[in-house]
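> Curious how this folds, go ahead:
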Amino acid sequence: MTAVPSGSAPVWVIPADDAGDEDVDVLSLAGRQPPAGGCWLWVTAAEPRRGGEFTALALPGNRPLASGGDVLVHLAPSPGWETAGGTPVADVQVWAVVAGSLLLVAGWHATSLSQWPENVRIPVVFAQGVLRELQDHGADTGSREQVDVIAAAGSVPTAFPALPTRVSAAG
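Numbering: from 1, shown residues only. Here you go, the predicted structure:
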């Protein structure tokens with residue numbers, strides 16, 4: 001994902017067919033208006049401390065896919081909303097991909113473009129930790145199964161999906 005000049009404010013370039021090639025520092029996206037259609041970021045690393053490492057890959061705009069165990073951030077403009085000073089704002093959501101389902105972890109409506117990366121950091125770290133613990137304890141989060149993110153976001157499950165476990169004879 002890159003930012004290129006377009007008028008007075010930089011815009012994001014989202015890959016059409018494949019995920020971005022290199023991690024982007026999520027903090028560097030603060031203050032930038034997201035694409036009109038929104039974008040999905042696959043979080044690759046997030047440290048819990050403010051200002052720490054926080055990187056992601058942009059998922060393709062035409063058909064974003066994710067696998068079980070992934071943590072995603074969705075960012076989209078908040079149409080018709082802006083701060084008192086006239087600054088645009090965005091809707092931001094944190095999602096976890098689990099067993100073929102997309103689960104909403106946290107969300108903000110009309111949040112500051114300059115604040116959203118730090119706002120989502122703790123829910124992202126929480127979701128990554130929970131998914132890692134589930135996997136470490138034998139839960140199958142569906143890591144081999146790809147999920148169409150846009151379709152799954154439109155049909156949010158009402159409950160956490162049942163997770164098959166891998167149990168060995170040794171315990």
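> what ranges do the helices span in the chain?
Counting by DSSP state H, the chain has these helices, from start to end: 116-136, 149-153.
> Quick one: mean pLDDT for the last one?
For helix 149-153, mean pLDDT rounds to 85.
> List the buried residues of it.
Going by neighbour count (16 or more other CB atoms under 10 Å), the buried part of helix 149-153 is 149-150, 152-153. For the C-beta atoms, the positions are set from N, CA and C on the backbone; glycine is no exception.
> Considering these, which is situated nearest to residue 37?
Closest approach to residue 37 among the buried residues of helix 149-153 (CB to CB): residue 150, at 10.1 Å.
> if I pick the closest one, what's in contact with it?
Shown in contact with residue 150 (CB atoms under 8 Å, 6 or more residues apart in numbering): 63-64.
> Repeat that for the one 3 residues further on.
In this structure, residue 153 makes contact with 74, 95, 102, judged by CB under 8 Å, 6+ apart.
> out of those residues, who's nearest residue 142?
Within the contacts of residue 153, proximity to residue 142 (CB to CB) peaks at residue 102, which comes in at 11.2 Å.
> The closest one pairs with what?
residue 97 (DSSP bridges).
> how many neighbours does it have?
Close neighbours of residue 102, defined as other CB atoms under 10 Å, add up to 24.
> give me the beta-bridge partners of the residue most central in space within the chain?
Most central in the chain under CA atoms, centre = their mean is residue 73, positioned 1.7 Å from the mean C-alpha point. Beta-bridge pairing for residue 73 (DSSP bridges): residue 41, residue 94.
> now swap in the one 4 residues further on and tell me
With beta bridges defined as DSSP bridges, residue 77 has these partners: residue 90.
> Can you tell me how far it is from residue 119?
Using CB to CB, to the nearest Å, we find residue 77 at a distance of 16 Å from residue 119.
> looking at this protein, which helix or strand does the model trust least?
strand 2-6 (a mean of 36; mean pLDDT, DSSP states H and E).
> what's the burial count for residue 128?
So residue 128, with other CB under 10 Å, has 18 neighbours.
> Setting aside sequence neighbours, what's the nearest residue to it?
Spatially, and ignoring its direct neighbours in sequence, residue 128 is nearest to residue 71 (5.2 Å; CB to CB, 6 or more residues apart in numbering).
> okay, that neighbour: pLDDT?
pLDDT at residue 71 comes out at 97.
> show me the contacts for it.
42-43, 46, 94-97, 105, 124, 127-128, 131.
> State the pair within the buried residues of helix 149-153 that is farthest apart.
Once CB to CB is applied, the buried residues of helix 149-153 give 150 and 152 as the farthest pair, at 7.4 Å.
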